[in-house]
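Novice: my questions are about this predicted structure, shown below with the sequence.
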Protein chains: 2
Amino acid sequence: AGPTSGAWHSGRAGGSEAETNVPIPGASGLEPALVSTVCALQCQRFLISKVGEDWVFLILLGLVMALVSWAMDFAIATCLQAQKWMYGGLDTNVLLQYMAWVTYPTVLITFSAGFTQILAPQAVGSGIPEMKTILRGVVLKEYLTLKTFVAKVIGLTCALGSGMPLGKEGPFVHIASMCAALLSRFLSLFGGFYENEARNIEMLAAACAVGVGCCFAAPIGGVLFSIEVTSTFFAVRNYWRGFFAATFSAFIFRVLAVWNKDEETITALFKTRFRLDFPFDLQELPAFAVIGIASGFGGALFVYLNRKIVQFMRRQKAINRFLMKKRLLFPALVTLIISTLTFPPGFGQFMAGQLTQKDTLVTLFDNQTWAKQGINDEFEYLGILEAWLHPRSNVFVTLVVFILMKFWMSALATTIPVPCGAFMPVFVIGAAFGRLVGESMAAWFPDGIHTDSNIYRIVPGGYAVVGAAALSGAVTHTVSTAVIVFELTGQISHILPVMIAVILANAVAQSLQPSLYDSIIRIKKLPYLPELGWGHHEKYSVRVEDIMVRDIRYVTLNCKYRDLQQVLHSTKMKNLPLVESAESMILLGSIERTQVGALLSTQLSPQRRLLMLRQKVLPEDGHQLSDSSIRFQVSAATILGDARTGRPPPLSPYHPIPPQISTETSSGTPARAALRKPLKPALKRVPSSPILEWEEQQLDQLVDFSSAKIDPAPFQLVEHTSLHKTHTIFSLLGLDHAFVTSIGRLVGMVSLKEVSRGQGGWGGTEQHLELFAHGFGVPAQGSPRVAGPPHPGAPHPPRPVPGYPNASCPRAPKAACRRSPSKRGSLCPCP
Amino acid sequence: AGPTSGAWHSGRAGGSEAETNVPIPGASGLEPALVSTVCALQCQRFLISKVGEDWVFLILLGLVMALVSWAMDFAIATCLQAQKWMYGGLDTNVLLQYMAWVTYPTVLITFSAGFTQILAPQAVGSGIPEMKTILRGVVLKEYLTLKTFVAKVIGLTCALGSGMPLGKEGPFVHIASMCAALLSRFLSLFGGFYENEARNIEMLAAACAVGVGCCFAAPIGGVLFSIEVTSTFFAVRNYWRGFFAATFSAFIFRVLAVWNKDEETITALFKTRFRLDFPFDLQELPAFAVIGIASGFGGALFVYLNRKIVQFMRRQKAINRFLMKKRLLFPALVTLIISTLTFPPGFGQFMAGQLTQKDTLVTLFDNQTWAKQGINDEFEYLGILEAWLHPRSNVFVTLVVFILMKFWMSALATTIPVPCGAFMPVFVIGAAFGRLVGESMAAWFPDGIHTDSNIYRIVPGGYAVVGAAALSGAVTHTVSTAVIVFELTGQISHILPVMIAVILANAVAQSLQPSLYDSIIRIKKLPYLPELGWGHHEKYSVRVEDIMVRDIRYVTLNCKYRDLQQVLHSTKMKNLPLVESAESMILLGSIERTQVGALLSTQLSPQRRLLMLRQKVLPEDGHQLSDSSIRFQVSAATILGDARTGRPPPLSPYHPIPPQISTETSSGTPARAALRKPLKPALKRVPSSPILEWEEQQLDQLVDFSSAKIDPAPFQLVEHTSLHKTHTIFSLLGLDHAFVTSIGRLVGMVSLKEVSRGQGGWGGTEQHLELFAHGFGVPAQGSPRVAGPPHPGAPHPPRPVPGYPNASCPRAPKAACRRSPSKRGSLCPCP
């Protein structure tokens, strides 16, 4: 199991949680030279184990991530500088300039796509949907490895260095998580404690906060954003971890900037200088509300557009096949189009094309008003502000063009199969939209709205801040973007407008579309339960009996190996219910599919077959003897008239173990599992060889469950449980299935799929699900979404489709193997 | 059940969750005049049910709370103004001045204490500990009623109007929660939906956020603070509710100030004007760290001091008895002492005694440096700043005296039995401490630390902000005080120092003492599970088998009514395990204590007794007949040789119902429950009357469980479950007990008490627990902390001891009755 398969979820709960003491090599046979080494080792271990392990880990994580973030920022800035330099140096020839402007990002993006593709396709995309799924308790293979880390870091640097409208906050969450996973694996070399998997999940949650925190130097916003984006239920206990690590990381990140003489002291990334005494007028609030509502629609549209592009790319089989062959063509093409359109001497002049994302934000958050009383040439555009000025148009046109173009460009660019996020592009678009509204307001009320003695002009930069928070909040369905903008700008004076706009944007966006991350989760079909929507009160009246699967496969206590085989063939359920008998249907526990398989393979194992063959060589009396002993047992069982006598010792707590079983166990006869009915219908099949005959015999024996791990208390619901409650329980405990019982009798089962279907049927999600499912094959009706056990024999992860990896590959969902989550509430006694 | 006894926790899960349709009166027999009424009603209901119920509720809640907050602030300001006016008007005579200065607060506090005492003693104190417990799933009686609301609002206004060092943020959380409870009860008149109890719990959580939010006009900090203070696991799903309501409330609260012409526009409550370009130097960070660490120790000391004062008051029996008689003497005495010491012409001149809490904060957050280069008379103290200047001492002495005096005064004042919180006093002390450090730094480095061309002087106001956040964070064990100070001051430039100081303060304080609220919870013995401390890794290796209670009472399926009686007498457990038989100990389910009582009382009910008496009048053959039928049954059971045959129909899924049971049920003989052994030892007692004899007979019958509600799947753990996991499960699901099973066999039970004891034994909490317990009688060893069923016959809530109500009264913990939480994971099928 990887470092992320939380003990909290794992069946091996008992063992893995204990602090394991690794024996010191050579500690028993001490040599003088070794003593000092051992001492040093012990000191080291003491330091690591005692001086606050969590602190050490979090500080290391923060440090590493700050360094990574800073180094990447530096590299990205260098890349962008290089492009500017090239573009500036070639200003004599527009064609050469164009070539340079277009080739540079195309090469970078293509390299990024190719590099990621080859090294680790899991690094493609944002990473937040995957982290959400991992924190939900699912093991996604290869998502937290060194290879992916390298691919993501280098791929992201190149992608962002290209100047495309891509973000780094999603990938940073992923990078920080990988960093945490690698760090904990590294630190576990020094002591066993880092092997605790529950702790690793907690650390992963902290890492997500670090990712956002050191990306924006926003510790509080980072923690909140990562909670909102990745968690369903959050343990307040773990809160401090995120804060601690994110603060430390943000601190180091900013200190590096000071040491590098970029800044004089620690300040915000995009510092604003709005006036403090009168940040905004009360009467401006409707304008802020309008920004919020419009951003809500815009955010929903962005998510819709992004998804439609992915779906279009997949549906068009001709395009798809072509692109699949030339895997790097799609990124190159998209980059070509986008960079052509932003070419500053071309169309780019109408949309401030030469500005990098960072410069754009700096200008948008600017303190000055660009359009004064409609006469925009009154104001001198200095430095980078020049970009927004066009001699033949005014700033409103530039802003509108910028918003419209960047909108589809960002939606398109984020489907490129490189490591990239969508937060920053959306943030910039939102800021531009806010600025547009702000400039309009400033043009409308040149002397401000306030009619008192003091004239307080309208500050369009404040509108830009509000717009940025609102649109990014709408796309990600988070409220904490408000906190992020405060930390990014270093000013909190616009708190109420920002909060109002963000809440309105969320209200609108959440009622129209899933969040960008949920949308990707659905496209990728990651095993995740969608949230309950706002105010869908119907869920209170839908009951489990309405949505449960009634026709389920089960294992009975007195079944034969043949029945096990049948069950394994007929269902893909990860956990099979174990019932007393088909008549009573009393649920005794749950047994894992792998355990059933193991039982079956043990019964038909080569060892036992060899034993049988060896026995064949012996004279017939040996066989006769065992046969008679079996016959005796059968008669004993018949006398008792109870099928339960065949039950093995560890599972027979319902009744004292019948003595003849223990006799049989200790008798040492080769027929280990007893009870064979002489007239079995299966014997009608004439065996073609002794081996087959032996197998048939073996299959007809009653199953001996003594060696199987059985979860004695799988999670149960009753028929009347409401959907709302079921959803909450599933989310809280991270279940993927639960059995439905009626006074102990098994009557059905609900899995994640039924719950999300049940939800969807009433909340409008069903259509989406169906829509997504249409493209790439819905899993079979009766099987849970994540069906099979992990495939250790499939070392090569599936190759992704452009846009979203693992999506169209039928094997992909299986690569995600669930930790046995039924163990949560009801823990397996086996260590 | 009150509006807070969440369906999520309640045994009547099935029924209460469904949207109940209240029939419209008169809707069936329509008269022309009624039609319009009905239409209007339906329109109204449509509006309420469709136009986003949550929104309506949250907006109403925000509005009401903003009005309450504003009105209270207004009243408090008027009260304080009146005191100032009196004090100022009498400046000719110091004695009269003193009388006025001392009498005024004493009268107010005494009135507040008396009023609260008489109307609703539950209103005393902060309210956050109680809300924490209520949100944890416990029903505290009378804590969310109108009476308590009125008592808290008026009591708090008077208490704060007195100028004592008391806070309003804790009570505001309580007031907002009461407001939400009352509002939902009021709105449920219009539609059934507000009767959903799960929803009400969600709304209560939002209300807590509103309380803090509109108290400080800090929506984000309010939400986070309320989450940290009241929740263990937080549903991100409910996040937006808090944000929405708190933002709206803070908005209205500030808009009221604008409308009242107090402010020109919406700004922060304690606006600061620190420079933005260079807020602090990197080299100042160690000073901030020192503030954090010192605040951590200070916070722990505050909690300790506060607790010691309460304990001292309780231990001193002489004082106690005296104070108990004269209930209002203690508040009056404390107020007298404190106001005497702060009398401005007296000792108050050394501690800025004439400043109100608000003025103190304004001056402490001031932008200027008070002590320049050691010569403090260089700087002109204008307006209220004058208070800090003393001709015969310097500002450092004033600050030190202020901090020391306010420290114990606040710790003492918060034990007064009036509605009051400790947040604001602590906040002020922290700010003063920060100011002290800041002034020292400014004196030490007159031209700032930075050695570049620009001189950036040190801003002591920034230190005050850091200190305020750190100390309040240390006392409450929260990180979100950082966000609260940003919102309070309107500046976020000091984010890194604040975060660093708050985290360090938390680290120190959490390792030394519980939070103030947890301390009160322990003193009051509210049924709450303490949090897992930081980095107590031992919890991973402690297992349930180490802490569980092995000797538990249970009900067997084939027991007699007499056994039930015995079990009820011998244990106080709220939920009794139902096992198959004493030999097998297979756990079949859990039955509530009340259900057992009901079974018993039904069996011995007057109806049945009457039936018996009527039967006595009949000829003897009737009795003979029933007797023979019983005898037949006994023989049948003997033939089967299985005790389980006596099982009643609904609970016998393990085996098909034996036919003779149904025969017996339908035979209509008076002996409803069958099977009576002729030679029972109980018959040795010679019955003194026919009634007694009949009762003895009845008690000897086998229990008929068919009418009892049985939870078929109570929460189970296995012996190897670690304490850490148990704690998490208990917190997640809000359990108060769980049964420990070993392959289906009941082997023990853990309740909240064992878990917190197990924790304490390794984490240092045990000592505290014992300490607290010493004063007022530990509950019996074997019984869970909240033992009995609610006492409907005890209408008068117990009278509180000064300091903490409900603490020394042995009946008090029983008033808190737990909702049956075992129903959470495993829901009762009974509607």
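Specialist: Yep, that arrived.
Novice: state the helix or strand in which the residue of the stretch 51-200 of chain A at minimum distance from chain B lies.
Specialist: The minimum distance from the stretch 51-200 of chain A to chain B, using CB to the nearest CB, falls at A:Asp54 (5.1 Å). C-betas here are computed from N, CA, C, even on glycine. Assigned by DSSP states H and E, A:Asp54 belongs to helix A:53-89.
Novice: any buried residues in that helix, and which?
Specialist: A:53-66, A:68-70, A:72-73, A:75-76, A:79-80, A:83, A:86-87 (16 or more other CB atoms under 10 Å in any protein chain shown).
Novice: quick one: low-confidence parts of the stretch 51-200 of chain A?
Specialist: The stretch 51-200 of chain A contains residues with pLDDT under 70 at A:51-53, A:190-198.
Novice: for it, what spans make up the helices?
Specialist: Along the stretch 51-200 of chain A, counting by DSSP state H, counting those that start in this stretch, helices occupy A:53-89, A:94-119, A:128-135, A:146-161, A:169-187, A:197-216.
Novice: kindly report the same for the stretch 401-550 of chain A.
Specialist: Listed in chain order, the helices of the stretch 401-550 of chain A (DSSP H, counting those that start in this stretch) span residues A:423-444, A:460-476, A:481-489, A:495-512, A:516-524, A:544-547.
Novice: ok, and what's touching the shortest one?
Specialist: Under the contact criterion CB atoms under 8 Å, 6 or more residues apart in numbering or on different chains, helix A:544-547 has outside partners A:717-723, A:726, A:740, A:747-748, A:750, A:754-755, A:757-758.
Novice: near chain B, which of those residues show up?
Specialist: A:Leu717, A:Val718, A:Glu719, A:His720, A:Thr721, A:Ser722 (CB under 8 Å from any CB of the partner chain).
Novice: let's have the residues you listed in TSV, adding neighbour count, distance to B:Val229 and pLDDT.
Specialist: Shown next, in TSV, are these (neighbours: other CB atoms under 10 Å in any protein chain shown; distance: CB to CB, whole Å; pLDDT from 0 to 100):
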residue	neighbour count	distance to B:Val229	pLDDT
A:Leu717	27	32	76
A:Val718	24	35	71
A:Glu719	17	38	72
A:His720	21	35	71
A:Thr721	26	31	73
A:Ser722	24	30	73
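Novice: which ones among these lie within helices?
Specialist: Judged by DSSP state H, helices contain none of those.
Novice: closest one of the residues you listed to A:Gly438?
Specialist: A:Ser722 (46.7 Å; CB to CB).
Novice: in the sheet, who's paired with that closest one?
Specialist: On the basis of DSSP bridges, A:Ser722 is bridged to A:Arg543.
Novice: isn't it right next to A:Thr728, touching?
Specialist: No - A:Ser722 lies out of contact with A:Thr728 (CB atoms under 8 Å); the separation is 9.4 Å.
Novice: that older thread, mind putting the helices of the stretch 401-550 of chain A into JSON lines with mean neighbour count?
Specialist: Output for the helices of the stretch 401-550 of chain A, formatted as JSON lines (neighbours: other CB atoms under 10 Å in any protein chain shown):
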{"stretch": "helix A:423-444", "mean neighbour count": "26"}
{"stretch": "helix A:460-476", "mean neighbour count": "32"}
{"stretch": "helix A:481-489", "mean neighbour count": "29"}
{"stretch": "helix A:495-512", "mean neighbour count": "25"}
{"stretch": "helix A:516-524", "mean neighbour count": "24"}
{"stretch": "helix A:544-547", "mean neighbour count": "19"}
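Novice: may I see these arranged in a markdown table, with distance to B:Ile429 as well?
Specialist: Formatted as a markdown table, these follow (distance: least, CB to CB, whole Å):
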| stretch | distance to B:Ile429 |
| --- | --- |
| helix A:423-444 | 40 |
| helix A:460-476 | 34 |
| helix A:481-489 | 27 |
| helix A:495-512 | 26 |
| helix A:516-524 | 43 |
| helix A:544-547 | 54 |
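Novice: confidence-wise, which helix or strand of chain A is lowest on average?
Specialist: In chain A, no helix or strand scores lower on mean pLDDT, DSSP states H and E than helix A:765-775, which sits at a mean of 30.
Novice: residue numbers of the stretch 351-500 of chain A in contact with chain B?
Specialist: So the stretch 351-500 of chain A meets chain B at A:450, A:452, A:454, A:479, A:482-483, A:486-487, A:490-493, A:495-496, A:499-500 (CB under 8 Å from any CB).
Novice: give me every residue that touches the most centrally placed residue in chain A.
Specialist: The residue lying closest to the centre of chain A (CA atoms, centre = their mean) is A:Glu130, at 2.3 Å. By CB under 8 Å, 6+ apart, A:Glu130 lies in contact with A:Gln122, A:Leu140, A:Tyr143, A:His174, A:Leu526.
Novice: out of the residues you listed, give me the two with the largest separation.
Specialist: Across the contacts of A:Glu130, the longest distance by CB to CB is 13.7 Å; it joins A:His174 and A:Leu526.
Novice: quick one: which of these two has more around it?
Specialist: Taking other CB atoms under 10 Å in any protein chain shown, A:His174 and A:Leu526 do not tie; A:His174 has more neighbours (30 against 24).
Novice: which non-adjacent residue is nearest the more buried one?
Specialist: Nearest non-adjacent residue to A:His174, counting by CB to CB, 6 or more residues apart in numbering or on different chains: A:Gly127, 2.5 Å away.
Novice: I'd guessed that neighbour sits against A:Lys168; true?
Specialist: No - contact criterion CB under 8 Å: A:Gly127 and A:Lys168 do not qualify, at 10.7 Å.
Novice: hey, what's in contact with both of the two?
Specialist: The contact sets of A:Gly127 and A:Lys168 overlap at A:Gly421 (CB under 8 Å, 6+ apart).
Novice: so which of these two has more stuff around it?
Specialist: Legend: neighbour count by other CB under 10 Å for A:Gly127 and A:Lys168, higher for A:Gly127 (32 against 26).
Novice: number of residues surrounding the closest residue to A:Asn454 other than its chain neighbours?
Specialist: Spatial nearest neighbour of A:Asn454, chain neighbours left out: A:Phe278 (7.4 Å); criterion: CB to CB, 6+ apart. By other CB under 10 Å, the residues close to A:Phe278 number 21.
Novice: let's verify the residue lying closest to A:Asn575 once chain neighbours are set aside: helix, strand, or coil?
Specialist: Once flanking residues are discounted, A:Asn575 sits nearest to A:Ser590: 4.8 Å by CB to CB, 6+ apart. Secondary structure, DSSP: H, G, I helix; E, B strand; the rest coil: A:Ser590 is strand.
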